[in-house]
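J.: Sequence first, predicted coordinates after that:
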Amino acid sequence: MPERFTRLTSRTFVMPQASIDTDQIIPARFLTTTSRDGLGAKLFYDRRFDAEGKPIADEPLNTIDPSERRILVAGDNFGCGSSREHAPWALLDYGFRAVISTAIADIFTSNALKNGLLPIQVDGETLTRLMADPGGRATIDVEKQELTFGDEAPMTFKTEPFARQCLLEGVDPLGWLADRIPAIEAYERSRQEQYA
């Protein structure tokens with residue numbers, strides 16, 4: 001189950017490259033598991049490790065403290081490529097809780113929201129300002145749907161209402177439905193009694 005996501009203040013991690021696809025996020029050779037656990041170690045593997053599997057010393061993802069950098073700021077067209085839930089799983093397991101870009105692929109957005117990772121689309125000017133301050137502090141308020149950073153006034157973003165509710169409650173869509181089974185069963189009983 002995802003953890004409840006109401007408000008997050010964190011330093012950002014900037015990846016300015018455009019069109020970071022799901023195979024870069026988690027290479028296909030690591031898709032042999034149905035468990036989310038441990039996938040953070042494989043996140044951006046080909047960027048973080050050499051051909052022998054040794055960490056690349058000057059790769060920033062190998063030197064930051066993921067608990068301090070929970071917001072990924074990425075170039076345009078993030079999460080494009082094939083559909084794979086492993087991509088948001090790997091980002092979450094590594095420590096990211098939100099991704100900000102000017103364009104985020106639709107299928108990636110759907111998979112991310114179902115798993116508790118918040119994709120936020122911003123305009124080009126906002127992205128440029130965020131990228132100009134790598135490691136800067138940003139605050140995301142899911143309830144208000146506001147992003148604040150630096151000395152900027154809060155800017156609003158949109159999240160699909162049901163996905164936003166799931167983030168706030170800390171459930172995925174199936175968990176949301178499971179929480180309502182007693183009400184569903186009561187409704188079904190009332191309908192059966194009504195037409196008996």
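T.: Great, that's in hand.

J.: Near Leu92, how many residues? Count them for me, please.
T.: Counted with other C-beta atoms under 10 Å, the neighbours of Leu92 add up to 21. Every residue, glycine included, has its C-beta placed from N, CA and C.

J.: Wait, a helix at it?
T.: Yes. Under DSSP: H, G, I helix; E, B strand; the rest coil, Leu92 falls within a helix.

J.: Give me the pLDDT value at the residue nearest the centre of the chain.
T.: Geometric centre of the chain, nearest residue: Leu117, 2.5 Å, by C-alpha atoms, centre = their mean. Looking at Leu117, its pLDDT stands at 97.

J.: quick one: secondary structure of the residue lying closest to it once chain neighbours are set aside?
T.: Once flanking residues are discounted, Leu117 sits nearest to Pro88: 4.4 Å by C-beta to C-beta, 6 or more residues apart in numbering. Here Pro88 is helix, with the state taken from three-state DSSP.

J.: repeat for Ser10
T.: Following three-state DSSP, Ser10 is assigned to strand.

J.: quick one: it from Pro173, how far?
T.: Distance of Ser10 to Pro173, given as C-beta to C-beta, to the nearest Å: 26 Å.

J.: Let's see the longest helix that the chain contains as CSV, backbone CA atoms only.
T.: For the chain, the longest helix by residue count, based on DSSP state H, is helix 181-194. Presented in CSV, the C-alpha positions along helix 181-194 are these (Å, rounded to 0.1, in the frame of the first residue of the first chain):
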residue,chain,number,x,y,z
ILE,A,181,-16.8,-3.4,1.0
PRO,A,182,-19.1,-3.1,4.1
ALA,A,183,-21.0,-0.2,2.4
ILE,A,184,-21.1,-2.1,-0.9
GLU,A,185,-22.4,-5.3,0.9
ALA,A,186,-25.0,-3.2,2.8
TYR,A,187,-26.2,-1.6,-0.5
GLU,A,188,-26.5,-5.0,-2.2
ARG,A,189,-28.5,-6.4,0.7
SER,A,190,-30.9,-3.4,0.6
ARG,A,191,-31.4,-3.9,-3.1
GLN,A,192,-32.1,-7.6,-2.7
GLU,A,193,-34.6,-6.8,0.1
GLN,A,194,-36.2,-4.2,-2.1
